[in-house]
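In: Structure of the sequence below:
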Amino acid sequence: MLNELFQPDLYNWASLANIERHQHVHLIPRYKSTRTFKGVTFEDKRWGMNPAPHDDNFRISPTLFQEIKTAIKSRMHAIG
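Out: Next up, the predicted model:
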């Protein structure tokens with residue numbers, strides 16, 4: 001689903017439990033070149049390196065955040 005929507009070149013992921021007794025996963029799509037979604041360009045400035053620290057100056061609007069969530073949810077329901 002994420003491959004179809006955003007075409008990442010690869011994923012970085014971490015599976016953590018930390019202090020809590022539940023597991024959570026961080027999935028970070030990585031991009032060799034820029035991607036555009038709803039007119040906003042996304043650039044992976046740390047391609048080929050650890051994604052941390054991330055660019056604190058890059059922000060998206062609450063509307064775009066909702067549009068990304070909606071696209072993911074819609075694709076998840078279509079896969080089913």
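
In: Tell me where this protein has helices.
Out: 2-6, 62-79 (DSSP state H).

In: Can you tell me what sits against the shortest one?
Out: If I follow you right, that is helix 2-6. Residues outside helix 2-6 that contact it (Cβ atoms under 8 Å, 6 or more residues apart in numbering): 8, 11, 27, 29, 35, 37, 71-72, 75. (C-beta placed from N, C-alpha, C; glycine too.)

In: By neighbours, which of the residues you listed wins?
Out: Of all the contacts of helix 2-6, the highest neighbour tally under other Cβ atoms under 10 Å goes to Pro29, namely 19 neighbours.

In: re the thing from before, let me know which of the helices of the chain is the nearest to Asp55.
Out: Nearest to Asp55 among the helices of the chain is helix 62-79 (15.9 Å), distances taken as Cβ to Cβ.

In: quick revisit: tell me the one among the contacts of helix 2-6 nearest to Glu20.
Out: Nearest to Glu20 out of the contacts of helix 2-6 is Leu27 (Cβ to Cβ; 18.5 Å).

In: Just give the nearest non-adjacent residue to the closest one, would you?
Out: Trp13 (5.0 Å; Cβ to Cβ, 6 or more residues apart in numbering).

In: Quick one: neighbours of Trp47, just the number.
Out: Residues near Trp47, counting by other Cβ under 10 Å: 13.

In: Can you list the residue ranges for strands in the protein?
Out: In the chain, the strands defined using DSSP state E lie at 10-16, 24-30, 35-37, 40-42.
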